[in-house]
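Engineer: Okay, predicted coordinates and the sequence, questions at the end:
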Amino acid sequence: MSELTNSAVWHELVGHAERLCATNLNELFQQQPERAEELSVEALDLFLDFSKQRVDSPVLASLHRLARQCGFEQWRERLFAGEAVNHTEGRAAYHMALRCLDDTPMRVDGDNVVPLVAAVRDRFCAFAEAVRGGQWTGASGDVIRDVVNIGIGGSDLGPRMVCQALAPYCDGPRSHFVANVDGAELSDTLVGLDPAQTLFIITSKTFTTQETMANAHAARRWLVGRLGEAAVARHFVAVSTNADAVQSFGIAADNMFEFWDWVGGRYSLWSAVGVSIAVAMGAERFVELLSGAQAMDRHFATTEGADNLPLTLGLLAVWNTNFLNCPTQVLAPYSQRLQRFPAWAQQLEMESNGKSVDRDGVALDYRTTPVLWGDVGTNAQHAYFQMLHQGTDVNPVDFVLPLAADHELHEQQKLLIANCLAQGAALMRGKDADTVRAELSAQGLRGTELDAAVPHRVFSGNRPSNTLLMPRVDPFHLGALLALYEHRTFVQSVIWNINAFDQWGVELGKQLAKSVVSALDGEVAELDPSTRALVARVSEGVGFQR
Ligand SMILES: O=P(O)(O)OC[C@H]1O[C@](O)(CO)[C@@H](O)[C@@H]1O
């Protein structure tokens with residue numbers, strides 16, 4: 001047994017879970033009439049109602065004791081002090097320094113990185129404004145109309161999601177994102193683009209990622225084939241930590257925006273990785289996004305206990321995962337603008353906390369991140385919400401609901417809000433057999449027909465959810481929302497005693513992809529019999545042509 005699962009507070013929480021098994025949420029509301037007011041927390045106009053979680057005051061008290069026992073305050077201090085919390089890579093995880101907009105020193109290895117961050121930010125924001133204003137032109141003097149960010153994972157998901165979420169604020173050149181090594185994405189993107197008016201931003205922390213390099217070289221060939229080699233300098237810029245590789249690709253040092261190894265890929269949209277955002281919506285709005293995140297950093301760093309929003313969200317997730325044994329976690333943004341939010345959060349959460357050994361490398365005897373998934377409401381209601389309401393597993397939902405719309409279809413906004421609130425209510429309340437029976441009887445059903453119909457229409461209810469209200473999807477509140485989820489992820493990692501900032505689990509697949517490429521090229525490669533047989537089959541031309 002690990003120290004964690006053997007601890008008194010862990011046992012206490014197991015006991016609470018057993019106790020609450022016999023009580024449902026409707027009863028909890030009867031026992032605690034002020035529950036809706038009491039089980040809520042607000043920061044920066046983000047209001048979290050967690051009264052529909054299967055918790056009560058003793059559970060919350062134990063969860064906060066668990067956080068203290070796991071050294072939450074010390075780990076938070078170490079994170080904000082720029083210590084090498086990512087110990088398997090010997091690095092800090094200091095994305096908060098990227099959104100430090102004042103002169104507060106933030107040190108990595110004794111050096112205040114804030115001036116460095118500000119200098120690079122000034123440089124890429126000036127570049128973004130020059131592109132937007134038409135001072136940065138293509139090789140033939142044309143204004144840039146289309147910007148294509150080529151990157152994958154953290155070098156794609158963040159900027160892609162933000163540009164979609166803040167589309168009403170994007171008044172610059174059109175932005176496009178290409179991530180997949182499947183050439184279909186790049187080919188489709190290039191259709192209709194005028195090379196003379198197109199700028200490529202090659203975004204890769206390492207500048208070695210196979211997919212990104214393949215797409216970058218293909219884009220380069222496309223451009224050079226039309227405008228000639230000399231045009232590369234005006235149509236390609238890079239965002240990376242690897243200056244040598246950028247220069248070997250043919251991008252001059254002046255056209256590279258750097259970031260640093262203490263910025264993890266999935267935490268990087270706040271760095272120069274966000275240059276595509278700055279080009280799309282302007283430097284001022286990009287800084288607004290940062291300021292929302294900075295405000296959430298301050299809240300997280302300085303607010304104690306139950307008033308701390310990311311801490312609360314993180315502890316609720318631990319409760320659902322480790323004590324109520326919920327297998328997955330659903331994200332349901334009720335906002336078309338936030339369609340890419342679940343995809344961004346998936347990398348954030350599952351690449352960070354998808355681990356099965358603790359910080360010392362010892363195998364865990366408790367679960368870490370559940371599967372995180374989801375899509376926008378109301379679409380998701382007509383897809384998989386059936387399973388959420390009546391399936392055999394209980395999957396807690398985070399409803400994220402921006403209140404003000406950025407369009408004139410107010411009646412539809414009312415419907416959207418109503419649906420979001422109704423889903424949380426339905427998951428919680430359910431519908432028992434007596435109610436169903438009464439409803440069906442009123443419709444005239446009798447006897448065996450009635451008996452047969454009832455079980456199919458019963459909802460067990462008692463299914464937990466959070467409702468997170470935000471005023472609107474604007475740069476400030478989006479920044480705050482994203483930083484909230486980043487810190488939630490960190491809170492969970494502290495409880496689970498794992499390193500949230502490495503991602504060794506993606507390496508093996510990358511290595512083996514190289515062996516498979518060699519095998520497809522007819523070279524000798526060490527492969528297992530199953531994969532060797534598949535290589536032989538695709539090489540014979542079944543579904544694969546050289
Ligand atoms: O920015 P890079 O170095 O191209 O890496 C892209 C992505 O690949 C990963 O390293 C893992 O696949 C992610 O963490 C990262 O966001």
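Structural biologist: Arrived safely, thanks for sending.

Engineer: quick one: buried residues of stretch 231-248?
Structural biologist: Across stretch 231-248, burial judged by 16 or more other CB atoms under 10 Å covers 231-232, 234-242, 245-246. Using the backbone N, CA and C atoms, a C-beta is placed for each residue, glycine as well.

Engineer: and if you look at stretch 181-198?
Structural biologist: Using 16+ other CB under 10 Å as the test for burial, stretch 181-198 gives 181, 185, 186, 189, 190, 193, 195, 196, 197, 198.

Engineer: Go ahead and flag the most central residue of the protein.
Structural biologist: In the chain, the residue lying closest to the centroid (CA atoms, centre = their mean) is residue 345, at 1.7 Å.

Engineer: Wait, that residue touches residue 485, no?
Structural biologist: Yes: using CB atoms under 8 Å, residue 345 makes contact with residue 485 at a distance of 5.6 Å.

Engineer: In this structure residue 347 contacts residue 153, no?
Structural biologist: Yes: the criterion here is CB under 8 Å, and residue 347 meets it with residue 153 at 6.2 Å.

Engineer: Find residues that contact each of those two.
Structural biologist: residue 266 (CB atoms under 8 Å, 6 or more residues apart in numbering).

Engineer: Across the sheet, point out what pairs with whichever residue of the stretch 1-150 of the chain sits closest to the ligand.
Structural biologist: The ligand sits closest to residue 150 of the stretch 1-150 of the chain, with a gap of 9.7 Å, by CB to the nearest ligand atom. Per DSSP bridges, the residues bridged to residue 150 are residue 178, residue 202.

Engineer: Now do it: how many residues are near it, please.
Structural biologist: Other residues near residue 150 come to 30 when the count uses other CB atoms under 10 Å.

Engineer: Please apply the same query to residue 464.
Structural biologist: 22.

Engineer: quick one: contacts for it?
Structural biologist: 25, 52, 53, 54, 320, 324, 326, 394, 396, 397, 427, 428.

Engineer: Among those residues, which lie within helices?
Structural biologist: If you go by DSSP state H, those have 25, 427, 428 in helices.

Engineer: State the number of residues packed around the second one.
Structural biologist: Translated: residue 427. Neighbours of residue 427 (other CB under 10 Å): 25.

Engineer: Can you pull out the residues in contact with the strand or helix carrying residue 15?
Structural biologist: With secondary structure defined by DSSP states H and E, residue 15 is part of helix 8-21. Residues outside helix 8-21 that contact it (CB under 8 Å, 6+ apart): 4, 54-56, 58-59, 62-63, 65-66, 69, 319, 322-324.

Engineer: among those, which ones are buried?
Structural biologist: For those, buried by 16+ other CB under 10 Å: 4, 54, 55, 56, 59, 62, 63, 66, 319, 322, 323, 324.

Engineer: follow-up on the earlier one: redo the ones in helices among the contacts of residue 464 as a markdown table? Include distance to residue 374 and pLDDT.
Structural biologist: Listed next are these as a markdown table, based on distance: CB to CB, whole Å; pLDDT from 0 to 100:
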| residue | distance to residue 374 | pLDDT |
| --- | --- | --- |
| 25 | 21 | 94 |
| 427 | 14 | 98 |
| 428 | 18 | 97 |
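
Engineer: Which two among the buried ones among the contacts of helix 8-21 are spaced furthest apart?
Structural biologist: 4 and 56 (22.5 Å; CB to CB).
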